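Sequence and predicted structure are below.
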Amino acid sequence: MPTLPDRHAKIIATLGPSSSSFESILALAKAGANVFRLNFSHGSYEEHSARIEAVRHAEAELGHPLGLFLDLQGPKFRLGNFEEGKIKLEAEQLFRFDLDVKKLGDEKRVGLPHPEIIEALEVGHRLLIDDGKMIMTVTEVADQYIIAKADVKGTLSDRKGMSLPDAEINVSALTDKDKNDLAFGLSQGIQSVALSFVQRADDLLELRELAGPRAQLIAKIEKPTALQHLEAIVRQSDAVMVARGDLGVELPPEKVPAVQKRIVSMARSYGRPVIVATQMLETMISSPTPTRAEASDVATAVYDGVDAVMLSAETAAGDYPIEAVSLMSRIICEVEHDPLHRRLMEASQQTTENTNTDAISTAARQVATTLDAAAIICYSTSGKTALRAARERPESQIIALTADAQVARALNLVWGIQPVVCADANHMNEMVNIALSVTQEKGLVEDGDTVVITAGVPFGNAGSTNILRIAKVGTKV
């Protein structure tokens, strides 16, 4: 089996019409994709089920785990319909949005079938319609309607989306559609779920109750209101996504880069895997090469130490999905071989928490650096030991050994981790021998390499990491 790419940051590829077949998914994985995203804003259950099956087939073909996550759509707020399909507004023109959705809209008003929006708005709040193409400011709020002034001239048309960057809306982040999609995904063995429209930490509680221990929860930060509760959201989540598409609509463009860095820094400080997503190589939807600015955008995220960078339409609907993944992989490798990248990882070292796992993980990084070890091998039941090892951002690769295939798949999202499914061990010597033989068999280490092994005794107890062992590949204990 070929060895995996020589890089730490991971690549997420969104599946869609351009990348649904087994052959396409296998090619994406060979090009460097570690995790596949299923966007439940589009596609039928039959289509998603076929993609899941194809990913599992590719996983078996390659001989190493591939991650999958379900991206829930979340609430969508849309205008009603117009008599003529659309109307034009001039700058400064006043326009009414009301709850009378049965009556078609005209030049003066339109139905807005969302009383929760009217309840949340205040005078002075902005309305962003059709992904921010139309910007309006609320001038009056009543029980059954609002009146807003057009900040710029533009068009309103049937069923266009509306977002409220200045308001916190009293609505669940999980719609009935999301609950049905979640049940379907869990029945298919999906191990990770991304929640849209997160405004506060409590939004994750309902999803966690429904998903239980079967899935890790990814909080998508796409609402400005989420930034007011960022630390609590990060603590409540298992992973975090910087969803720059929606953030870019609701925030001024000049604020998005600093917000991205803030989210990345917060997630890294708590040891939560962090993804940067949206428009990373967007030109490659229709071109075989990206702009130099897009390449720099990917590189900047990697220099910041993100766990994963994500491709959306580039792989789901673009003309060059394989080329996009391959180029992204080359950008990551180029950055990670730059000495500046290692200096930045050392400079951003996180504070060690007062736990056995963090003490062992910190020591493992230091020992691996001193001995120029080929790998840090973490024997982990739940994956938490490997997560804490990755938080240290060591120079060595991290190999996570687990008997649970779902844990291995979830760890594919995490910086520097190469997950391997292997047999459980009953005692220390057996664990060391399994670690050495399995990693060499997979081509991750070579005969004579020094490795640092961490584990917990008694075996099989999650979160009990308390042992560090140095070993040589090719020897038995």
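That came through fine. Numbers count the residues shown, from 1 in each chain.

Output the contacting helices and strands for the helix ranked longest in the chain.
Using DSSP state H, we find that the single longest helix of the chain is helix 45-62. Applying 3 or more Cβ pairs under 8 Å, 6 or more residues apart in numbering; DSSP states H and E, one finds that helix 45-62 contacts helix 22-31, strand 35-39, helix 176-187. Heads up, the C-betas are built off the backbone N, CA and C, glycines and all.

which of these sits most buried?
When the helices and strands packed on helix 45-62 are scored by mean count of other Cβ atoms under 10 Å, the highest mean neighbour count falls to strand 35-39 (a mean of 24).

circling back to that earlier point, mean confidence (pLDDT) on the next helix or strand after the longest helix of the chain, please.
On the C-terminal side of helix 45-62, the closest following helix or strand by DSSP states H and E is strand 67-71. Strand 67-71 carries an average pLDDT of 96.

residues making contact with strand 67-71?
12, 34-41, 52, 55, 181-182, 185, 190-194, 196, 218, 220, 409-413 (Cβ atoms under 8 Å, 6 or more residues apart in numbering).

just stretch 156-165 next, same as before
Contacts for stretch 156-165 (Cβ under 8 Å, 6+ apart): 76-82, 85-87, 89, 95, 105, 110, 112, 114, 117, 120-121, 125-132, 134, 223-224, 246, 249-251.

closest to R262 out of the helices and strands packed on helix 45-62?
R262 lies closest to strand 35-39 among the helices and strands packed on helix 45-62, at 23.6 Å (Cβ to Cβ).

The closest one vs helix 45-62, what angle?
Here strand 35-39 points in a direction 180 degrees away from that of helix 45-62 (axes from the mean of the first three to the mean of the last three Cα atoms, to 10 degrees).

Mark which of the contacts of stretch 156-165 are part of helices, please.
Of the contacts of stretch 156-165, the ones assigned to helices by DSSP H are 117, 120, 224, 246, 249-250.

quick revisit: now render the helices and strands packed on helix 45-62 as a markdown table, adding mean pLDDT and distance to T291.
Shown next, in a markdown table, are the helices and strands packed on helix 45-62 (pLDDT from 0 to 100; distance: least, Cβ to Cβ, whole Å):
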| stretch | mean pLDDT | distance to T291 |
| --- | --- | --- |
| helix 22-31 | 97 | 20 |
| strand 35-39 | 98 | 23 |
| helix 176-187 | 96 | 34 |
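
May I see those organised as a markdown table, with distance to A403 added?
What follows is the helices and strands packed on helix 45-62, written out as a markdown table (distance: least, Cβ to Cβ, whole Å):
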| stretch | distance to A403 |
| --- | --- |
| helix 22-31 | 23 |
| strand 35-39 | 21 |
| helix 176-187 | 21 |
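
Nearest to Q397 among those would be which one?
Taking the helices and strands packed on helix 45-62 one by one with Cβ to Cβ, strand 35-39 is closest: 17.3 Å.

Outside of that closest one itself, list whatever touches it.
Counting by Cβ under 8 Å, 6+ apart, 10-16, 25, 28, 48, 51-52, 55, 66-71, 185, 190, 192, 194, 308, 310, 312, 316, 412-413 sit against strand 35-39.

Taking those residues, please make a ChimeraX selection of just the buried ones.
Those of the contacts of strand 35-39 that count as buried under 16 or more other Cβ atoms under 10 Å are selected in ChimeraX with:
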select :10,11,12,13,14,15,16,25,28,48,51,52,55,66,67,68,69,70,71,185,190,192,194,308,310,312,316,412,413
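
coming back round to it: output the ones in helices among the contacts of stretch 156-165 as JSON lines; include the columns pLDDT, distance to I169 and neighbour count.
Formatted as JSON lines, the ones in helices among the contacts of stretch 156-165 follow (pLDDT from 0 to 100; distance: Cβ to Cβ, whole Å; neighbours: other Cβ atoms under 10 Å):
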{"residue": "I117", "pLDDT": "95", "distance to I169": "7", "neighbour count": "21"}
{"residue": "A120", "pLDDT": "95", "distance to I169": "5", "neighbour count": "18"}
{"residue": "P224", "pLDDT": "92", "distance to I169": "12", "neighbour count": "20"}
{"residue": "D246", "pLDDT": "87", "distance to I169": "14", "neighbour count": "22"}
{"residue": "V249", "pLDDT": "88", "distance to I169": "15", "neighbour count": "17"}
{"residue": "E250", "pLDDT": "89", "distance to I169": "12", "neighbour count": "20"}
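
Nearest to T278 among these?
Closest to T278 out of those is D246 (8.1 Å), distances taken as Cβ to Cβ.

dump the residue contacts of the closest residue to that closest one other than its chain neighbours.
Of all residues not flanking D246 in the chain, E222 sits nearest, at 3.6 Å (Cβ to Cβ, 6 or more residues apart in numbering). Going by Cβ under 8 Å, 6+ apart, E222 touches 196-198, 243, 245-247, 250.

I'd like the distance between E222 and L112.
E222 sits 21 Å away from L112, taking Cβ to Cβ, to the nearest Å as the criterion.

for H42, same thing?
Taking Cβ to Cβ, one finds H42 at 25 Å from L112.

ok, those two, which is more surrounded?
The neighbour comparison of H42 against L112 (other Cβ atoms under 10 Å) goes to L112, with 23 against 14.

doesn't V101 make contact with the more buried one?
Yes: at 7.5 Å, L112 and V101 qualify as touching, with contact defined as Cβ atoms under 8 Å.

Quickly list what's touching both of those two.
G80.

So for Y270, which of the helices and strands packed on helix 45-62 sits nearest?
Closest approach to Y270 among the helices and strands packed on helix 45-62 is made by strand 35-39 (20.4 Å; Cβ to Cβ).

Need the CA coordinates for stretch 93-112. PDB is fine.
The C-alpha trace of stretch 93-112 is given here as PDB (Å, rounded to 0.1, in the frame of the first residue of the first chain):
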ATOM      1  CA  GLN A  93     -37.200  53.600  -0.600                       C
ATOM      2  CA  LEU A  94     -39.300  52.200   2.200                       C
ATOM      3  CA  PHE A  95     -40.600  48.700   2.000                       C
ATOM      4  CA  ARG A  96     -42.900  46.600   4.200                       C
ATOM      5  CA  PHE A  97     -42.400  42.900   5.200                       C
ATOM      6  CA  ASP A  98     -45.400  41.400   6.900                       C
ATOM      7  CA  LEU A  99     -46.900  38.100   8.000                       C
ATOM      8  CA  ASP A 100     -49.600  38.000   5.300                       C
ATOM      9  CA  VAL A 101     -47.900  35.300   3.200                       C
ATOM     10  CA  LYS A 102     -51.100  34.400   1.300                       C
ATOM     11  CA  LYS A 103     -51.100  37.800  -0.500                       C
ATOM     12  CA  LEU A 104     -48.500  38.100  -3.300                       C
ATOM     13  CA  GLY A 105     -46.000  40.900  -2.900                       C
ATOM     14  CA  ASP A 106     -45.900  44.100  -4.900                       C
ATOM     15  CA  GLU A 107     -43.800  47.400  -5.100                       C
ATOM     16  CA  LYS A 108     -44.700  48.200  -1.500                       C
ATOM     17  CA  ARG A 109     -44.800  45.000   0.500                       C
ATOM     18  CA  VAL A 110     -44.200  41.200   0.600                       C
ATOM     19  CA  GLY A 111     -45.000  38.400   2.900                       C
ATOM     20  CA  LEU A 112     -42.400  37.200   5.400                       C
END
